[in-house]
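Participant: okay, here's the prediction I keep looking at, along with the sequence it came from:
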Amino acid sequence: MNHDEIRELLHAYADDELDLVSAREIKQHLQSCHDCRQATEQIRALSEALTSDAPAYRVPAHLRRNIRAALRREAKETERSFSPWMIFATGAACALVLFAFVFSQTRTSSGNAVVDQVIANHVRSLLAMHLVDVASSDQHTVKPWFDGKVDFAPDVHDFAMSGFPLIGGRLDYLNGKTAVALVYQRNKHPINIFILPASGAGDRSPTSSARRGYNIVSWTHREMNYWAVSDLNETELRNFVALLTQ
C-alpha cells in the first residue's frame, strides 16, 4: 500500500478492524511516518474520549419527593383500612412513573449517542484527510456515485450561488448502518451532512444542539433522517439547512 492508501485506513486500523496482513503493513509504516503515527494517536484519543464516560441518570428530586409523598398517603389510608389491592395499585403506579421516566431518558440517551457518533465521524474525516470518496461540485456526478453502494438515493444539490459549494461525498457508518455523507464548505469551514433512511417517522423540523465546540442540526424529511455538523456558527448552519430543506 502507498502512503495515501494507508492514510484512508488509519481510522479502521485504530479501531482494530483490519485483517492481520494489512494491520502489520500499517504498523510498519507508522514506525517511519511521523504524520500517520500522529494522526493514529489523535484518532485513538478521540475514540477514548467519546467512549470513556457512559451516561448515567439520577431520578430528579421532585420525582422522588412525589413518590415518597404518594407512599406516605397510601400508608396512612392502609392503616385506617388495610387493603392488599391498594398496596399493589400504589406499587404499580410508582413503577409506571419510574418506567416512563427511564424510557424517556433511554430515548434521550440514544439520541445523544447518535449525535456523539455524528461528531466523531465529522472529526475523523478531518483527521484522516478523508473528507470525500468522490470529489466534485457537480451533483450529477456525486449522486450517481452512490448507486449500488447504498439502498437509497440521496438528494444532492450544489449551493455555490448561496455560498455553500458542494465538495463531494463519501460512504460513512452511522448508528450501525451505512450512511451517505455529503460535504459542503462555507468560508473554509467543512460541513458534513449525514443521511440515513428514517424508521417510519414523519417529517420533523430542524432542531439545533451544540457539543464539544461543534454545532449540529438534525431533522427528518421525506422519510430520511439528516444531521448537519460543523464548527460553523449556528446561524449560518441553520441558513444552510434551510436551503437543504427547500
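Facilitator: Here it is on my side, so go on. Numbers count the residues shown, from 1 in each chain.
Participant: can you name the residues bridging to the closest residue to residue 208 other than its chain neighbours?
Facilitator: Once flanking residues are discounted, residue 208 sits nearest to residue 217: 5.2 Å by CB to CB, 6 or more residues apart in numbering. (C-beta placed from N, C-alpha, C; glycine too.) The partner list for residue 217 in beta bridges (DSSP bridges) reads residue 208, residue 228.
Participant: pretty sure residue 217 sits against residue 241.
Facilitator: Yes. Contact criterion CB atoms under 8 Å: residue 217 and residue 241 qualify, at 4.8 Å.
Participant: so between the two, which is more surrounded?
Facilitator: Between residue 217 and residue 241, counting by other CB atoms under 10 Å, residue 217 is the more crowded of the two (23 against 19).
Participant: distance of the more buried one from residue 142?
Facilitator: 21 Å (CB to CB, to the nearest Å).
Participant: can you pull the contacts of residue 245?
Facilitator: The contact partners of residue 245, by CB atoms under 8 Å, 6 or more residues apart in numbering, come to 206, 219, 221.
Participant: again with residue 180
Facilitator: Counting by CB under 8 Å, 6+ apart, residue 180 touches 146, 150, 152, 154, 169, 171-172, 194-196.
Participant: reformat these as TSV; add neighbour count and distance to residue 10.
Facilitator: Shown next, in TSV, are these (neighbours: other CB atoms under 10 Å; distance: CB to CB, whole Å):
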residue	neighbour count	distance to residue 10
146	20	24
150	16	23
152	12	28
154	18	26
169	26	20
171	14	16
172	22	15
194	24	20
195	22	24
196	21	24
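Participant: from these, which land in strands?
Facilitator: Among these, the members falling in strands (DSSP state E) are 169, 171-172, 194-196.
Participant: which one of those residues sits closest to residue 137?
Facilitator: residue 169 (11.0 Å; CB to CB).
Participant: and the pLDDT for that closest one?
Facilitator: In the prediction, the pLDDT value recorded for residue 169 is 95.
Participant: before I go, just wanted to say thanks for your time.
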